[in-house]
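# okay, here's the prediction I keep looking at, along with the sequence it came from:
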Amino acid sequence: MNRAESGVGLDVETPTWPKVETPVAQRVESWIRQRPWIALLLVAVPLCSVGLLITDAIAMEGIVADGARTMARTGEYSVPHLHGEIYSYKPPLAYWLALAGFWSLGETSVLALRLPFALCALLMSCAILGLLRPLIGTRASFSSALAALTGGLMLQKLHLAEFDLPLAAGVGIAVAAACRNLAADIPHNAIWLLGYLALSAAFLAKGLPALMFYAPGLLLAAAVSGRVRRLFQTGHLIGLTIFAILVGSWGLSAFHTAGWQAFAQPMAEAADKGLTWTFDSLAATLTKPVVAWALFLPWTFLLVAPPAKLRAAWAQLDAPSQRVARIAACFVATGVFSFMLVPATQTRYLLPLATPISVLCGIAAFSQPGPTRYKSSVPFVIAVALAAWLAQTMIIQPNRASSRSLRAVAETFSQHLEPSIQLWTGPVSKHFRHSSLFFYMARPVATFDAEPTAEGAQPKAGDLVVFFSDEHRDLMAATPFAYEILEQRTQRQFEMFLARVVRSPETATETSL
């Protein structure tokens with residue numbers, strides 16, 4: 001048995017891999033093979049870090065920031081809140097990550113908000129290289145780690161503090177650990193433990209989707225590789241137990257804090273997104289395999305070839321690489337199939353496939369599956385991936401963020417805020433379109449109801465209220481308060497109002513009587 005089959009060696013060589021012809025490329029490849037970790041960090045750190053400060057906070061980043069600030073202010077860490085009310089659509093990990101950044105760099109820093117999420121992507125790429133290098137070699141594992149960071153869908157999320165990146169990183173590390181322990185002749189208990197710790201983090205980032213993209217793939221991969229028994233060995237069972245303890249501990253803490261209300265919102269969302277089928281969503285789900293391939297271009301270009309060339313490429317691979325490729329393919333197939341079973345069409349839901357798809361692409365990069373006219377396809381794909389990263393970081397994302405940034409609006413509104421003034425908004429402003437406004441206002445925000453109740457807190461005379469005309473015009477007209485409009489701003493056709501309460505609910509009620 002050679003060292004590649006045992007999964008112990010440091011590198012795997014296949015004589016039929018394409019040779020690099022230019023002297024410069026040869027020297028670069030030789031340097032990477034001798035120092036893969038330094039090479040990966042030299043590439044991955046700029047990929048993950050450049051761009052963190054180029055754009056303003058947008059989209060769901062304001063939700064994550066407000067939830068983290070609320071945790072710091074109240075000391076309640078198990079059930080996320082937004083504008084003073086429970087907002088438990090997602091578990092708390094994303095808020096914990098933002099909170100860690102705030103503790104380190106301050107609550108008003110975009111870098112502090114985004115840096116922990118970028119580190120998640122960096123850890124995922126490092127795990128791919130470290131876990132799979134003994135089986136598929138330095139070049140293939142290095143290419144896989146690079147592909148995981150520069151696929152098209154990953155580039156859209158790489159510099160944003162949202163829920164999808166820690167989900168993808170956690171599932172990705174768990175998938176890489178499963179590939180290692182199912183493909184190697186001797187599994188390692190510590191690797192199972194690492195995988196289930198990462199899966200726990202993925203679950204705490206976005207809940208059940210973590211299991212949807214991992215559990216079916218693990219079962220199919222174990223069956224296809226003929227190693228189902230490994231799932232019943234001590235190391236795997238310990239890892240599974242630790243996952244259950246971590247997730248269960250959070251669930252008990254959340255229930256102790258808010259009862260069943262802590263889980264009502266994610267259950268309602270799951271029912272809505274998982275069961276509400278329409279003709280359009282049924283038609284769209286049939287295209288999801290093609291969409292998944294397109295979302296991870298340019299690397300998935302390496303997977304396209306005539307059947308004869310695919311068979312020839314497969315024959316070139318050694319046994320460990322073939323096993324890893326089969327296992328990764330199982331995770332891709334079950335992940336796409338699981339996504340086809342739900343009517344949701346948002347492409348970000350496919351981000352957890354980044355690792356298994358990148359592993360297939362990394363292996364394919366050195367088995368020449370493409371047409372002969374693309375014999376230099378690997379350098380071409382790397383060049384396109386880096387160019388796409390540069391365009392996304394310097395052009396696409398800044399242009400997108402500039403049209404959605406609410407920092408200027410927040411600065412205008414903040415001129416009217418004094419330390420003693422309470423800031424309010426209606427419940428519908430939890431929509432992520434407007435969440436970054438409150439990140440830049442950097443003030444605690446409370447939510448009031450359109451129909452005042454005895455239990456609910458309401459604005460008082462002198463308080464300030466933020467309204468959004470697209471959803472709040474009727475609310476503003478129906479609420480029994482009297483307002484003085486202080487500022488009105490328009491952004492992307494959405495009108496935003498800052499108003500001062502001049503009559504309290506009690507005064508308004510007495511006047512109406």
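Arrived safely. Numbers count the residues shown, from 1 in each chain.
# give me the secondary structure label for Ala176.
Secondary structure for Ala176, judged by DSSP: H, G, I helix; E, B strand; the rest coil, is helix.
# what is the burial count for it?
Using other C-beta atoms under 10 Å, Ala176 is surrounded by 34 other residues. For glycine as for every other residue, the C-beta is placed from the backbone atoms N, C-alpha and C.
# and it, how far from Pro398?
32 Å (C-beta to C-beta, to the nearest Å).
# what's the separation between the closest residue to Ala442 other than its chain neighbours and Ser469?
Of all residues not flanking Ala442 in the chain, Thr108 sits nearest, at 5.4 Å (C-beta to C-beta, 6 or more residues apart in numbering). Distance from Thr108 to Ser469, counting by C-beta to C-beta: 27 Å.
# Leu386 and Glu29, how far apart?
From Leu386 to Glu29 the distance is 16 Å (C-beta to C-beta).
# and Thr55, by the same measure?
35 Å.
# tell me where the stretch 51-200 of the chain has helices.
61-74, 93-105, 110-136, 138-150, 152-157, 164-183, 189-206 (DSSP state H, counting those that start in this stretch).
# show me where the protein has its strands.
When secondary structure is read from DSSP state E, the chain shows strands at 81-82, 85-86, 423-425, 445-447, 464-468, 482-491, 494-503.
# neighbour count winner among Thr55 and Glu29?
Thr55 (21 against 16).
# phi and psi next, for that one.
phi -120, psi 160 (degrees, to the nearest 10).
# give the contact list for it.
Neighbouring residues of Thr55 by C-beta atoms under 8 Å, 6 or more residues apart in numbering: His159, Gln397, Pro398, Arg400, Ala401, Ser402, Ser405.
# so how far is Val110 from the residue nearest to it when sequence neighbours are not counted?
Leaving aside its sequence neighbours, Thr55 sits nearest to Ala401 (C-beta to C-beta, 6+ apart; 3.6 Å). According to C-beta to C-beta, Ala401 and Val110 sit 10 Å apart.
# okay, and the common contacts of the two?
Common contacts of Ala401 and Val110, defined by C-beta under 8 Å, 6+ apart, comprise Asp56.
# who has more neighbours, those two?
The residue with more neighbours, out of Ala401 and Val110, is Val110; 23 against 19, by other C-beta under 10 Å.
# residues contacting the closest residue in space to the more buried one that isn't next to it in sequence?
Among residues not flanking Val110 along the chain, Ala57 sits closest, at 5.5 Å (C-beta to C-beta, 6+ apart). Taking C-beta under 8 Å, 6+ apart as the contact definition, Ala57 lies against Ala65, Val110, Leu113, Ala161, Ser405, Arg407, Ser436, Phe439, Tyr440.
# next, give phi and psi for Ala57.
Torsion angles at Ala57 (phi, psi; degrees, to the nearest 10) stand at phi -70, psi 140.
# show me the shaky parts of this structure.
Scanning the chain for pLDDT under 70 picks out the ranges 1-25, 273-275, 367-376, 428-432, 450-456, 470-476, 478-480, 504-513.
# what is Ala499 paired to in the beta sheet?
Val465, Ile485 (DSSP bridges).
# which stretches of the stretch 251-400 of the chain form helices?
Shown for the stretch 251-400 of the chain, the helices assigned by DSSP H, counting those that start in this stretch span residues 261-275, 279-285, 288-295, 307-316, 319-340, 354-364, 377-391, 397-404.
# give me the neighbour count for the closest residue to Phe301 other than its chain neighbours.
Computed as C-beta to C-beta, 6+ apart, the closest residue to Phe301 that is not its neighbour in sequence is Val381, at 6.0 Å. Counted with other C-beta under 10 Å, the neighbours of Val381 add up to 25.
# before we move on, what about the one 4 residues further on?
Ala385 has 23 neighbouring residues, counting by other C-beta under 10 Å.
# measure the closest residue to it other than its chain neighbours to Ala121 for me?
Residue nearest to Ala385 in three dimensions, not counting chain neighbours: Thr150, with 3.9 Å by C-beta to C-beta, 6+ apart. Distance of Thr150 to Ala121, computed by C-beta to C-beta: 11 Å.
# comparing those two, which residue is more hemmed in?
Taking neighbours as other C-beta under 10 Å, Thr150 and Ala121 compare with Thr150 leading, 28 against 24.
# who's in contact with that one?
Residues near Thr150 by C-beta under 8 Å, 6+ apart: Leu47, Trp299, Ala385, Leu386, Ala388, Trp389.
# apply 10 Å and report the result again.
Listed by C-beta atoms under 10 Å, 6 or more residues apart in numbering, the contact partners of Thr150 are 43-44, 47, 125, 158, 296, 298-299, 354, 358, 381-382, 384-389, 392.
# drop anything exposed from those residues.
The neighbour-count test (16 or more other C-beta atoms under 10 Å) marks 43-44, 47, 125, 158, 296, 298-299, 354, 358, 381-382, 385, 388-389, 392 as buried among the contacts of Thr150.
# nearest to His83, of those?
Checking the buried ones among the contacts of Thr150 against His83 by C-beta to C-beta gives Leu158 as the nearest, at 28.1 Å.
# picking up where we left off before, am I right that the residue nearest to Phe301 is in contact with Val304?
No: using C-beta atoms under 10 Å, Val381 is not in contact with Val304; the gap is 11.5 Å.
# would you mark the buried spots in stretch 222-233?
Buried residues in stretch 222-233, counted by 16+ other C-beta under 10 Å: Ala222, Val224, Ser225, Arg227, Arg230, Leu231.
# CA-only coordinates of that stretch in PDB, if you can.
Output of stretch 222-233 as PDB, limited to C-alpha atoms (Å, rounded to 0.1, in the frame of the first residue of the first chain):
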ATOM      1  CA  ALA A 222     -20.800   6.500   3.000                       C
ATOM      2  CA  ALA A 223     -23.000   4.100   0.900                       C
ATOM      3  CA  VAL A 224     -21.300   4.900  -2.400                       C
ATOM      4  CA  SER A 225     -17.800   4.500  -0.900                       C
ATOM      5  CA  GLY A 226     -18.800   1.300   0.900                       C
ATOM      6  CA  ARG A 227     -17.900   2.700   4.300                       C
ATOM      7  CA  VAL A 228     -21.200   3.000   6.100                       C
ATOM      8  CA  ARG A 229     -19.700   1.200   9.100                       C
ATOM      9  CA  ARG A 230     -17.500   4.200   9.700                       C
ATOM     10  CA  LEU A 231     -20.600   6.200  10.700                       C
ATOM     11  CA  PHE A 232     -21.000   3.800  13.600                       C
ATOM     12  CA  GLN A 233     -17.500   4.000  14.800                       C
END
